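Novice: A predicted structure for the sequence below; I have some questions about it.
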Amino acid sequence: MKRENTYSPISCLFSKQLNLSDFGFEKPALKKIKEINKDIKPNKLLKFIKYVFKYSKIVLNKYSSHFSKHDFTQPALFTLLAMKIYTRSTYRQITDLLELSDTIQKYLHLKKIPHYTTLQKFFQRLPTSILQELNKQILLNHEINGEIIALDGSGFTNDYADKYYAIIRRKERKSYVKNHISIDVDSRLILHYAAQKGPRFDTRFALAAIRNIKKYKPKYILADRAYDTEPIRKCINEEAKAQDQIPLKTRAKTGHYRLESKNTFNKDIYSRRNNVESIFSVIKRIFNGTNRSRSLQLSNKETKLKNTIYNIYRSAQIQEKWGFLQSHNLNIFKNIT
């Protein structure tokens, strides 16, 4: 039976507790950050930790069960997991960094340092439904225009599997995780995502994604030539009541919407599809396009985790820029009991 979340959503976002940006990392911690990833900017990492912790407290119960040891809260463990992804580090490196930072320990209310295997097990047990719910709450915190939505997919390789196959087969492994996303072009937030073993054709994801995002009432749905099929165009026009903006692979000879495309395709609108490629670039550059998980199931989950963490990262950017953290502007408390 699911326990009631013992955190208050209001206190999560507006509590007067320790503000990380008012403090900073200790010198040993700063040195460790540079050792882990020299490109990390400490101030941005502090802001990232703050937003992850606050969002995770809305979705995650404080403890996994009444019978757990209650050594570490789930939001604290999720924040450490997100730090691992953000800094592109290992589980051991994150716990080493934590030992050097009293500030982070106090902010996350940690009585002791978790063993690195505790973080590993937390990730393994973490349901993907929690990631989806977390993503939902992030989106509720923003006014999504949804007029123009773009779809795309990109491959994320598996570090362990690639090395293994390279050794035993003496050739590069061709299998990877295909990350499919749908984004709001204006806010550059991910509205829907799916991950599966690649290579796979994008049609199945596209139809599910279109049906998921039609609630935003888009005017245009953009995708590249890989999505140029009559079923996808029909779903966009008839189910989502939007206009497809997809270039033709070849000259259209059949299909009502493919034939109509030459009259409805707008290059200026289609050019905004570049935003979805920019998001993939950010995810791979900041959070790594190579997964560290050994199994396909965990690699899929790691890919979804990176999508969710990207949205927290992007949400922090938007809120810092526009000052969205004001109670009268937030929609985040809808549907939260």
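Specialist: Ah, there it is.
Novice: C-alpha from now on. contacts and neighbour counts both.
Specialist: Fine.
Novice: and residue 128, how many residues sit next to it?
Specialist: Using other C-alpha atoms under 10 Å, residue 128 is surrounded by 15 other residues.
Novice: can you tell me the element the residue nearest to it when sequence neighbours are not counted falls in?
Specialist: Nearest residue to residue 128 in three dimensions, chain neighbours excluded: residue 301, at 6.6 Å (C-alpha to C-alpha, 6 or more residues apart in numbering). When secondary structure is defined by DSSP states H and E, residue 301 falls within helix 296-322.
Novice: so for that helix, mean pLDDT?
Specialist: If you average the pLDDT over helix 296-322, you get 92.
Novice: domain ranges for the chain?
Specialist: 9-126, 135-322 (automatic domain parsing).
Novice: what would those domains look like in CSV with mean neighbour count?
Specialist: Shown next, in CSV, are these (neighbours: other C-alpha atoms under 10 Å):
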stretch, mean neighbour count
domain 9-126, 17
domain 135-322, 18
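Novice: identify the residues contacting stretch 143-156?
Specialist: Stretch 143-156 has contacts (C-alpha atoms under 8 Å, 6 or more residues apart in numbering) with 176-187, 198, 202, 206, 216-224, 273, 276-277, 280, 289-291, 303.
Novice: so where's this structure uncertain?
Specialist: Applying pLDDT under 70 to the chain flags the ranges 1-23, 159-175, 200, 323-337.
Novice: now the strands for it?
Specialist: Counting by DSSP state E, the chain has strands at residues 148-158, 176-184, 189-198, 220-222, 243-245, 290-291.
Novice: mind checking which of these is nearest residue 43?
Specialist: Ranking those by proximity to residue 43 (C-alpha to C-alpha) places strand 189-198 first, at 22.4 Å.
Novice: which strands or helices does that closest one pack on?
Specialist: Contact here means 3 or more C-alpha pairs under 8 Å, 6 or more residues apart in numbering; DSSP states H and E; on that basis strand 189-198 packs against strand 176-184, helix 203-213, helix 296-322.
Novice: taking strand 176-184 as reference, get the angle to the second one.
Specialist: Here the directions of helix 203-213 and strand 176-184 differ by 30 degrees (axes from the mean of the first three to the mean of the last three C-alpha atoms, to 10 degrees).
Novice: before we move on, the earlier item: these two touch, right, the residue nearest to residue 128 and residue 125?
Specialist: No. Using C-alpha atoms under 8 Å, residue 301 is not in contact with residue 125, being 10.6 Å away.
Novice: shouldn't residue 290 be in contact with residue 176?
Specialist: No. Using C-alpha under 8 Å, residue 290 is not in contact with residue 176, being 9.4 Å away.
Novice: turn the strands of the chain into TSV, columns for distance to residue 129.
Specialist: Below are those laid out as TSV (distance: least, C-alpha to C-alpha, whole Å):
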stretch	distance to residue 129
strand 148-158	21
strand 176-184	16
strand 189-198	12
strand 220-222	26
strand 243-245	30
strand 290-291	20
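Novice: among those, which comes closest to residue 317?
Specialist: Per C-alpha to C-alpha, nearest to residue 317 of the strands of the chain: strand 189-198, 10.9 Å.
Novice: ok, that closest one: who's next to it in the sheet?
Specialist: strand 176-184 (antiparallel) (DSSP bridges).
Novice: between the strand it pairs with and helix 296-322, how many degrees?
Specialist: Going by the same axes, to 10 degrees, strand 176-184 makes 30 degrees with helix 296-322.
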